[in-house]
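**Student:** Got a predicted model here, sequence first, then my questions.
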Amino acid sequence: MHCAFFKPFCAIASLHVARKSCRKFSLNSALLRTTLAILSMPPLYEVLFLFSAPRGYLVEIKRLDQPADAPKSRVFQWLWIDAATVTTLQFVDMTISTRQYRTFKEAQLWFDDAQGELCWNIGPTELLVVQTSKTLTRSQQSLVNLHLD
């Protein structure tokens, strides 16, 4: 007798739970669509230099989404990429001799055709290896695209 009495209430409760699940699924699928759209965006930049290090990657990019009269500091950018973040290095100066040198507010960089060092003002020195492919992974491309927006 108790089962028959509660059966309609159980059906209503099940329907309510199903509706909440559908709403949650709709929100999750919308988030997934947005994330996939960002991941599949074409790069907004061209990679000029790419270096790998044990703790991350250093890349110089030329932005392709800037107007022709944009300042060089907006068009050419140096980025430090680690597992989950991208940091823009603030360019100060450059020198070219047998090695290339760059000075940033956050660090100093030297490199040649095969290797380099990024010496952070605060923190360890990164030993860099030149990546001739100049190709970021998909996840790195996505991080950079999100960082540039």
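**Tutor:** Received, thanks. These numbers come from a predicted model, not from an experiment.
**Student:** mind listing the strands for this protein?
**Tutor:** Residue ranges of the strands in the chain, as given by DSSP state E, are 45-53, 56-63, 76-81, 86-89, 91-96, 100-104, 107-111, 115-120, 125-130.
**Student:** would JSON lines of those strands with mean neighbour count be doable?
**Tutor:** The way it works is simple: take the backbone N, C-alpha and C, and place the C-beta from them, glycine included. JSON lines is the format used below for these (neighbours: other CB atoms under 10 Å):
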{"stretch": "strand 45-53", "mean neighbour count": "18"}
{"stretch": "strand 56-63", "mean neighbour count": "19"}
{"stretch": "strand 76-81", "mean neighbour count": "21"}
{"stretch": "strand 86-89", "mean neighbour count": "16"}
{"stretch": "strand 91-96", "mean neighbour count": "11"}
{"stretch": "strand 100-104", "mean neighbour count": "17"}
{"stretch": "strand 107-111", "mean neighbour count": "19"}
{"stretch": "strand 115-120", "mean neighbour count": "17"}
{"stretch": "strand 125-130", "mean neighbour count": "17"}
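**Student:** would CSV of these with distance to Q140 and mean pLDDT be doable?
**Tutor:** CSV is the format used below for these (distance: least, CB to CB, whole Å; pLDDT from 0 to 100):
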stretch, distance to Q140, mean pLDDT
strand 45-53, 10, 96
strand 56-63, 7, 97
strand 76-81, 6, 97
strand 86-89, 8, 96
strand 91-96, 21, 95
strand 100-104, 20, 97
strand 107-111, 19, 97
strand 115-120, 17, 98
strand 125-130, 15, 98
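**Student:** list the buried ones in stretch 136-147?
**Tutor:** Neighbour counts using 16 or more other CB atoms under 10 Å place L136, Q140, Q141, S142, L143, V144, N145 of stretch 136-147 among the buried residues.
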